[in-house]
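Undergrad: Model the structure of this input:
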Amino acid sequence: MVSAIVHSLLRQNSFSAKEVSCCSANDGTSERLSNDTGIMRFDTVEEMLETPPSVLILGCKPQQIKDLPVSVGEKSSHCLLLSIMAGTTISTLTDAFPKSRNIVRSMPNTPGQIGYGVTGYLFSSTPTKKDREIIEQILASLGKAFELGEETDLDRVTAISGSGPAYVFEFTCALEEAARAIGLSKKLAKDLSLNTVIGAARLMEASESSPLELRDQVTSPNGTTQSALESFTADEFRTIVRHAVEAAKSRSLELSNE
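TA: Next comes the predicted model:
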């Protein structure tokens, strides 16, 4: 996701490559990002913070926050901190970066890689006009961004838009599997399922009708679609989705407390 942010900001000329730098664990991530984009790379976060940046984006694994040396918190003094880590609370971030000028906890999703993401975010304290504009600029590069009213909303956002793309991918897999089960070839099953989901999403985006209204428009009385929808209802499809969302929200809360 950090790579998606960097690529989007450079593509939109929001920042130049020489204004952005990165570091990562010794896994090749920062090397690849630097090679792909031309941004500066550092071996360690301490080295990167020798000249404190205006904005510091955290995209590491949540458990890595606890392993950061105290010097990192000192060297990030006066930085605007943007976290995209799931389940990492503002309190945890404040403990690790006590001298930052403000902290933003956010939850983007993977379609941000192509500019169609959804992000919920929250400032730890009232931001300056400039800091608000910077955060909006960064997150808008991924797609749509929504400022939230309270931190508990982030666990709800995680369960809906954060994890939501996986639900759509899973539904598409199920549709493809069903297509093969009724006798379609592997390639045709894949093409039909994928393009049906993409087309339906684009129609929802372009239409002034609600998803429910669009559903009803394609459902003829006693027709094939009605038969399928009645099967969904009998199997409590919406209950299944609600339970999945509740499970994701619960896990987000657990991560916040670990």
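
Undergrad: Now for L142: which residues touch it?
TA: Contact partners of L142, counting by Cβ atoms under 8 Å, 6 or more residues apart in numbering, are 4-5, 8, 108, 112, 115, 117, 119. All C-beta spots, glycine's among them, are computed from the backbone N, C-alpha and C.

Undergrad: Tell me the spacing between the residue lying farthest from the centre of the chain and L58.
TA: Within the chain, N222 marks the point farthest from the mean C-alpha position, 40.0 Å out by Cα atoms, centre = their mean. Applying Cβ to Cβ, to the nearest Å, the value for N222 to L58 is 55 Å.

Undergrad: How about F232?
TA: 40 Å.

Undergrad: Skipping adjacent residues, who's closest to A17 in space?
TA: Among residues not flanking A17 along the chain, G38 sits closest, at 4.0 Å (Cβ to Cβ, 6 or more residues apart in numbering).

Undergrad: just to revisit the earlier point, take the contacts of L142 and keep only those in strands.
TA: Using DSSP state E, 117, 119 are the members of the contacts of L142 that sit in strands.

Undergrad: Any chance of a ChimeraX selection covering the buried ones in the contacts of L142?
TA: Typed into ChimeraX, the line below selects the buried ones among the contacts of L142, using 16 or more other Cβ atoms under 10 Å:
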select :4,5,8,108,112,115,117,119
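
Undergrad: nearest to S76, of the contacts of L142?
TA: Closest approach to S76 among these (Cβ to Cβ): I5, at 18.1 Å.

Undergrad: Touching, that closest one and I39? I think so.
TA: No: I5 is beyond contact range of I39, at 11.3 Å (criterion: Cβ atoms under 8 Å).

Undergrad: In contact with Q12: list those residues for me.
TA: S141.

Undergrad: try F123
TA: 102-104, 131-132, 135, 147.

Undergrad: Take the contacts of L142 and write them to JSON lines, including distance to D155.
TA: Listed next are the contacts of L142 as JSON lines, based on distance: Cβ to Cβ, whole Å:
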{"residue": "A4", "distance to D155": "22"}
{"residue": "I5", "distance to D155": "22"}
{"residue": "S8", "distance to D155": "25"}
{"residue": "P108", "distance to D155": "15"}
{"residue": "G112", "distance to D155": "19"}
{"residue": "G115", "distance to D155": "25"}
{"residue": "G117", "distance to D155": "18"}
{"residue": "T119", "distance to D155": "15"}
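
Undergrad: Out of the contacts of L142, which is nearest to G143?
TA: G117 (3.6 Å).

Undergrad: At which residues are the helices of the stretch 1-150 of the chain located?
TA: Remark: helices assigned in the stretch 1-150 of the chain by DSSP state H, counting those that start in this stretch are 2-11, 29-37, 45-48, 70-75, 90-96, 129-140.

Undergrad: closest one to E19 among these?
TA: helix 2-11 (9.1 Å).

Undergrad: just checking, what packs against that closest one?
TA: helix 29-37 (3 or more Cβ pairs under 8 Å, 6 or more residues apart in numbering; DSSP states H and E).

Undergrad: so what's S106 up against?
TA: Contacts of S106 by Cβ under 8 Å, 6+ apart are 82-84, 119-122, 139, 154.

Undergrad: That's all I had, so thanks and see you.
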